[in-house]
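1. Below are the sequence and a predicted model for it; my questions follow.
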Amino acid sequence: MSEPGLSVPASSLPDNDAVPAAGSSAAPAVNAAAEQVGEPAVVRSVAAARGPLALEAVDLNKVFQLGRGATLHAVRNVSFGLYRGAVVALVGESGSGKSTVAKLLAGQERPTSGRITLDGEPVNVHGNHAFRTYKSQVQYVFQDPFSSLNPVHTVGYALDRPVKLHQPEVKGGKAVTAAVNALLEQVRLTPAAQFVVKYPHELSGGQRQRVSFARALAARPTVLLADEPVSMLDVSIRLEMLNLLDDLRSRLSLALLYITHDIASARYFADEVLVMYGGQIVERGPAEEVTQNPAHPYTQLLIASAPDPDNLGSSLKSGNVTQGGAGAGRGANVGPAAEGCPFSTRCPLADDKCRRENPALQLLAPTRAAACWRLDEAASLQASGSI
Amino acid sequence: MSPILEISDLSVAYRTPGGDVRAVEQVNLTLNAGEVVGLCGESGSGKSTLAYGATRLLRPPALVTSGSVRYAGRRITSGGDPVDLLTMNHRELRKMRWREIAIVFQSAMNALNPVLRVQDQLLDAVQAHLRLPRSEAREKVATLLDLVGIPRNRLRSYPHELSGGMRQRVMIAMALAADPEVVLMDEPTTALDVVVQRDILAQIVELKETLGFSVLFITHDLSLLLELADRIAVMYAGRLLETGTADAIMRSPAHPYTQGLLNSFPSLRGPRRELAGIPGSPPDLRDPQPGCPFIPRCTHAVAACAEVDMSLIPVSGRAEPLGPVPGVGHLTACPIVLPQGGAPQGGTAQGGAPKVSQEGVLS
């Protein structure tokens, strides 16, 4: 069903779910009171071991004007780097700002403040030739392969255009066709000639997403921003797609940003995991360490909420609703706090300080950091298994 | 436990100019009172068609070509025999719908009317199926929202003012409006993130316990069902490939497809293991090949697979196929790969080991 007259311009809202009660009451002006307290830690990324720095974000901020003076601080002081041949996962719930970060990196939105550098060069371009070069370097894969491909054009057309646009040395119809075929083979859509003439509706979800990958690769990027690339696909196909992405990453030595709300796949697929909540990074570190020994209460909740097939006599079946930590169960209806730590409205450990002051990332190890005032209590909560 | 919904030998086809698409082929599935049965399969496997076909919600070109759906709810059969949904006339169907069998539709975003307030939509559902004075109907709507944990001040909200999780809760509240005995849930949590998903699942279980309905839960996420469902039916290319308790499916999956599914999702706990997934894509239902539909993707396929008749046989080789309670046994459509008591071939996901290492890693 379409929704005539109700379409909200996507650009004016950061994320549909980010504004549960858009407008006045629930989104008061984000003000200086929410500014982070403490010196942000300098974290060494484990992804750096894989290859040289490609794209770096430093202190990115994005404030959306919601109208009537209300603002939404969708991204707050986000800093991280993407390295060639490495996967960095950005994990968080809908509305946490993870897609906004990707849009800032892709140049679809301008940061309110902060800096983006590509291969050490600051990126400060819009709408000119340099911006086109940037775009070809930094490509975006969209979440929904059902709506990100134009239904009235064939696969060949969808790939033809980026090849002509971004590979100027490929001249002549035959060369372009060969390039398109090579792209399709790269994403294992073979025989390529058979897929070139197909329309998106003739393809399965997995095949469509492969076309999206091929389209992104047509620009021969060094950085791929994959915004929930598998969340619309079937479970049995997801793994294949992640394996394909991983294969492309290593063969083309791509710097990959993998955005997801499925932290289990991040463990499987990523080198480094960044956990976002309420627009800021609340925890980061090597994927295995973050998933096996989460430090921040939000990460702990996220991991406790993931389906656990090994847990057959689970709390779900026995009707025990309070799984997910003391009081965190019904917390999902509560948005992030506008003041203090964003998670303080749902955190079982929150005290007055948490509600007043927003913690900056603190170093736990050279490659790990978390933003929480009560990390010691969180650690003991985690150890006792009550979350 | 007594069977409340018995789907037997149900086949549904879509009539297309290019020939029939046999979306559901001779499916037998029983839902017992108070049970959560999970129906799992990838998109296009026919799981939604099965549910909608069984409840007479399909329109042409879909056609139910065979089978029966016997319903035995308390109100209907007090002193009578089960009724067959497939032979009912429209008046009888109207009485069945929502009062006896309700549905939580996929994608709450599209299932709710964007230009009506939540209250009016719930009121619609209540008044269409229950004869209540207006004031009582309003009160009923408010209590429904209480039931699913949405504050009453959201009654006058429009769907776009609610988060995805709240919209899904509204859908659940709507399904429970007429106190049904069976609730079909078609991917109710697919578009939600994990924390909200867990919240809603816990709520469904809680409501099921207090209100005493049975749930047929449709999803493509087997990992979810293993935790949630009492029994699981695995569907592929319009056929059931395996049914059994969640425990049996998890610990000794009998069909190679189920084994592949279990090996498809990354696990958060336990050691990191290599995952294989299931290479290939589902078959074209317009052109069914003889035998097992999973042959092209199956690593165990042998020539004899093309002659498998796809009827479900007991895994343990017991003489009594259905066990004491109908439909409770562990059944598989694959006679080739039968785990005879032990673990199946291949290093698929097995329980046991992860438990230990989980504690080891976390503490």
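-> Received the coordinates, thanks.
2. Which stretches in the chain count as strands?
-> You didn't say which chain, so I picked chain A. Ranges of strands in chain A, per DSSP state E, are A:36-37, A:53-67, A:70-83, A:87-91, A:113-118, A:121-122, A:138-141, A:223-227, A:255-260, A:272-277, A:280-286, A:358-359, A:362-365, A:368-370.
3. The intended chain is chain B.
-> Using DSSP E, strands in chain B cover B:3-16, B:19-32, B:36-40, B:62-71, B:83-84, B:101-104, B:182-186, B:214-219, B:231-236, B:239-245, B:313-314, B:331-332.
4. Might one say that A:Gln362 is in contact with A:Ala370?
-> Yes. A:Gln362 lies in contact with A:Ala370 (Cβ atoms under 8 Å); the separation is 6.5 Å. C-beta coordinates here come from the backbone N, C-alpha and C atoms, glycine included.
5. Tell me which of these two has more neighbours.
-> A:Ala370 (26 against 18; other Cβ atoms under 10 Å in any protein chain shown).
6. Near A:Leu375, how many other residues are there?
-> A:Leu375: 18 neighbours (other Cβ under 10 Å).
7. now it: how far from chain B?
-> Distance of A:Leu375 to chain B, computed by Cβ to the nearest Cβ, to the nearest Å: 16 Å.
8. cool, and A:Pro297?
-> 12 Å.
9. again, but for A:Pro151
-> The value you get for A:Pro151 to chain B, if Cβ to the nearest Cβ is used, is 18 Å.
10. quick one on the thing from earlier: among the strands of chain B, which gets the worst mean confidence?
-> For those, mean pLDDT drops lowest on strand B:313-314, to a mean of 80.
11. roughly how far is that strand from the heart of the chain?
-> Relative to the centre of its chain, strand B:313-314 is centred 21 Å away, using Cα atoms, centre = their mean, to the nearest Å.
12. That strand packs against which elements?
-> strand B:331-332 (3 or more Cβ pairs under 8 Å, 6 or more residues apart in numbering or on different chains; DSSP states H and E).
13. In its sheet, which strands sit next to the strand it packs on, and in what direction?
-> strand B:239-245 (antiparallel), strand B:313-314 (antiparallel) (DSSP bridges).
14. could you dump those to TSV with mean neighbour count?
-> Listed next are the strands paired with strand B:331-332 as TSV, based on neighbours: other Cβ atoms under 10 Å in any protein chain shown:
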stretch	mean neighbour count
strand B:239-245	25
strand B:313-314	16
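15. To B:Met166, which of these lies closest?
-> Evaluated with Cβ to Cβ, the strands paired with strand B:331-332 place strand B:239-245 nearest to B:Met166, the distance being 33.0 Å.
16. any idea of the angle the closest one forms with strand B:36-40?
-> 140 degrees (axes from the mean of the first three to the mean of the last three Cα atoms, to 10 degrees).
17. which residues touch stretch B:275-288?
-> A:204, A:206-207, A:236-240, A:243, A:268, B:16, B:18-23, B:25, B:42, B:44-46, B:236-238, B:257, B:260-261, B:263-266, B:289, B:293, B:296-297 (Cβ atoms under 8 Å, 6 or more residues apart in numbering or on different chains).
18. Good, wrapping up.
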